[in-house]
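Q: here are the coordinates; sequence isn't available:
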């Protein structure tokens, strides 16, 4: 999905919500646990319930990999379902990959290649290994690399805020250096909602870039704060909620509960757009 | 595998070689390409040919994930084979994972859990997201996290050598900070052979830690330099070679060629032990 298509989708649906499919079987409703294709069935119900309230889905690879080969089969079923749904959605492999050039090429192929098992629109990538670890993800037409800049967790303080000799924190250095590797058409950034006050600094460095913002809801970030500091003329935000939506109820009404939570965020987002 | 078991294995076999299973089907001998279970057959032949010359195997996840679900099945067959071989080997998932705490827990389960599909001894992890992204990998008894410190690629210069206000490069800050998260029994570090002259600085910060050293061979690092700066009283090194061994020949004699290359490194390693 190109930048223009994503912007059009946001304007049309009046939302910039991303639903995180952190589909941990242990937290799914009891009637789906242990059931054949239960994870896919859960995801399909969540997708059907939320597709009109969001523009993106973000499966978190860890929760599928933790179930072994069977878990990845559930992910493939989910992606196949999204691809044939008839309603567009931007898809993000939340995979946090990144390795030397020839290896990142293989990861790009695994997640972004239209002929591959998954065919995501985007993948999250860690910047620690630098240019050649990131650039291979920018070569697929209409596909995206989403680079970690400032994450939503406590550990973000360990290195991301470390200032260099000029007083520039590492995450800002990641933002500015990475502008040589990609552009607003193929590179986004992860900026946690729990650090919303820093979104202003982020926007000064990457005014036109889309930001993927996790941490609203369960992790404590505020949508209002994120919008105040992060919105740009093209919206420029994808705000993710995972647990707050998909595990809003652990009963048989999980899909209705998910829709209710997604609709609440949709309404707030429509109001600011 | 515990630290003491690893040290004993190194002393017994007189080698600290790690064979990297970057088993790209496109580079495999023609008679195995496209064949059912061809990747597993390739890996099995490489393992049989090299097991007496090395102490560790390091499948690079990217090359399996690039083949989709089928690639991961080949990885599982390979791990199953290693587990029933009757000759011990330390196994490393070169996966470069790392995410917020509850997600890293799931990655740890995916790769280290003895009940999981893979049951590796160790996994490589990127440090960008800090403490809670790394600690979940240290909780499995006798299992290891291998943290990226100084990698072997060109992109390592983008951020890893950035000096903070006190003049400490980021990779050294990663080394010293991470000592609060683990110890020499459950945490190793990646230090590229292409930066062997910095191994002395690394050793000053983590004198007792094992170092996983990629970049010897195809990437240009020198084994002699690595040993001069990196060896400690317990050896403390796992030196990896991937392409230089497994793709030493692209003909039907690939396993013999791999054995020859592994034996050369074995001989050099035996001489320094």
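A: Here it is on my side, so go on. Keep in mind that what you see is a predicted model, and the values were worked out from it rather than measured. Residues are numbered from 1 along each chain as shown, chains lettered A, B, ... in the order given.

Q: Residue A:161: how many residues sit nearby?
A: 15 (other Cβ atoms under 10 Å in any protein chain shown). (C-beta placed from N, C-alpha, C; glycine too.)

Q: List the contacts of the helix or strand of chain A with the lowest mean pLDDT.
A: Least confident helix or strand, chain A: helix A:223-230 with a mean of 93, by mean pLDDT, DSSP states H and E. With Cβ atoms under 8 Å, 6 or more residues apart in numbering or on different chains as the test, helix A:223-230 has contacts from A:191, A:193, A:196-200, A:202-203, A:211, A:213, A:216, A:236-237, A:239, A:265, A:268-269, A:272.

Q: what separates that helix from the chain centre, distance-wise?
A: Distance of helix A:223-230 from its chain centroid, counting by Cα atoms, centre = their mean, to the nearest Å, is 17 Å.

Q: what's the average pLDDT for stretch A:164-184?
A: Average pLDDT, stretch A:164-184: 97.

Q: can you give me the end-to-end distance of that stretch?
A: Taking Cα to Cα, to the nearest Å, the first and last residues of stretch A:164-184 lie 26 Å apart.

Q: just stretch A:79-91 next, same as before
A: End-to-end distance for stretch A:79-91: 8 Å, by Cα to Cα.

Q: Could I get the buried residue list for that stretch?
A: A:79, A:82, A:88, A:89, A:90, A:91 (16 or more other Cβ atoms under 10 Å in any protein chain shown).

Q: Then stretch A:52-67?
A: Buried residues in stretch A:52-67 (16+ other Cβ under 10 Å): A:53-67.

Q: Please apply the same query to stretch A:230-243.
A: Quick answer for stretch A:230-243 (16+ other Cβ under 10 Å): A:230, A:231, A:234, A:235, A:236, A:237, A:238, A:239, A:240, A:241, A:242.

Q: Show me the shaky parts of chain A.
A: A:218 (pLDDT under 70).

Q: Which helix or which strand is home to residue A:261?
A: helix A:254-272 (DSSP states H and E).

Q: so what secondary structure elements neighbour that helix?
A: On a contact count with 3 or more Cβ pairs under 8 Å, 6 or more residues apart in numbering or on different chains; DSSP states H and E, helix A:254-272 meets strand A:17-21, helix A:38-50, helix A:223-230, strand A:237-241, helix A:243-246.

Q: any idea how far residue B:7 is from whichever residue of the stretch 1-150 of chain A sits closest to chain B?
A: Closest residue of the stretch 1-150 of chain A to chain B, Cβ to the nearest Cβ: residue A:130 (2.5 Å). From residue A:130 across to residue B:7, the span is 33 Å (Cβ to Cβ, to the nearest Å).

Q: Next to chain B, which bits of the stretch 1-150 of chain A? Give me the list.
A: Residues of the stretch 1-150 of chain A that fall close to chain B, judged by Cβ under 8 Å from any Cβ of the partner chain: A:22, A:24, A:60, A:62-63, A:65-66, A:68-69, A:72-73, A:76, A:94, A:96-101, A:103-104, A:106-107, A:109-111, A:116-118, A:126-134, A:148.

Q: The residues you listed in strands, which ones?
A: Cross-referencing these against strands under DSSP state E gives A:94, A:96, A:97, A:148.

Q: what are the ranges of the helices in the stretch 1-150 of chain A?
A: A:3-13, A:38-50, A:61-65, A:68-83, A:101-112, A:131-134 (DSSP state H, counting those that start in this stretch).

Q: how far does stretch A:44-53 sit from the chain's center?
A: Worked out by Cα atoms, centre = their mean, stretch A:44-53 lies 16 Å from the chain centre.

Q: Show me how far stretch A:250-269 is from its chain's centre.
A: On Cα atoms, centre = their mean, the centre of stretch A:250-269 falls 18 Å from the chain's centre.

Q: Then stretch A:76-95?
A: The mean C-alpha position of stretch A:76-95 is separated from the chain mean by 13 Å, Cα atoms, centre = their mean.

Q: circling back: which of residue A:130 and residue B:7 has more residues huddled nearby?
A: Set residue A:130 next to residue B:7 and count neighbours by other Cβ under 10 Å: residue A:130 wins out with 25 against 17.

Q: And for that one, nearest residue in space, chain neighbours not counted?
A: Leaving aside its sequence neighbours, residue A:130 sits nearest to residue B:155 (Cβ to Cβ, 6 or more residues apart in numbering or on different chains; 2.5 Å).

Q: Pull the contacting residues for that neighbour.
A: A:100, A:101, A:129, A:130, A:131, A:132, A:133, A:134.

Q: Hmm, residue A:174 and the fifth one touching each other?
A: In other words, residue A:131. No - assessed by Cβ atoms under 8 Å, residue A:131 is found out of contact with residue A:174, at 11.3 Å.

Q: So for the two, which sits in the more crowded spot?
A: With neighbours defined as other Cβ under 10 Å, residue A:131 and residue A:174 compare such that residue A:174 has more, 24 against 19.

Q: helix/strand/coil for that one?
A: With DSSP: H, G, I helix; E, B strand; the rest coil as the basis, the three-state label of residue A:174 is helix.

Q: what's the closest of the helices and strands packed on helix A:254-272 to residue B:38?
A: helix A:38-50 (29.0 Å; Cβ to Cβ).

Q: Between helix A:254-272 and the closest one, find me the angle.
A: 40 degrees (axes from the mean of the first three to the mean of the last three Cα atoms, to 10 degrees).

Q: helices and strands around helix A:38-50, which ones?
A: Going by 3+ Cβ pairs under 8 Å, 6+ apart, helix A:38-50 lies up against strand A:17-21, helix A:68-83, helix A:243-246, helix A:254-272.

Q: Return the distance of the shortest one from the chain's centre.
A: This points to helix A:243-246. 14 Å.

Q: For the spatially most distant residue from the centre of chain A, which non-adjacent residue is spatially closest?
A: Distance from the C-alpha centroid of chain A, by Cα atoms, centre = their mean, peaks at residue A:165 (32.3 Å). What sits nearest to residue A:165 in space, not counting adjacent residues and going by Cβ to Cβ, 6+ apart, is residue B:163, at 5.8 Å.

Q: got it, and residue A:20?
A: Using Cβ to Cβ, 6+ apart and skipping the chain neighbours, the partner closest in space to residue A:20 is residue A:242 (2.9 Å).

Q: tell me the contacts of that neighbour?
A: Counting by Cβ under 8 Å, 6+ apart, residue A:242 makes contact with A:19, A:20, A:21, A:22, A:58, A:60, A:214, A:217, A:218.

Q: need the residues of the stretch 151-273 of chain A near chain B, please.
A: Counting by Cβ under 8 Å from any Cβ, the stretch 151-273 of chain A sits next to chain B at A:151-160, A:162-165, A:167, A:170, A:173-174, A:177.
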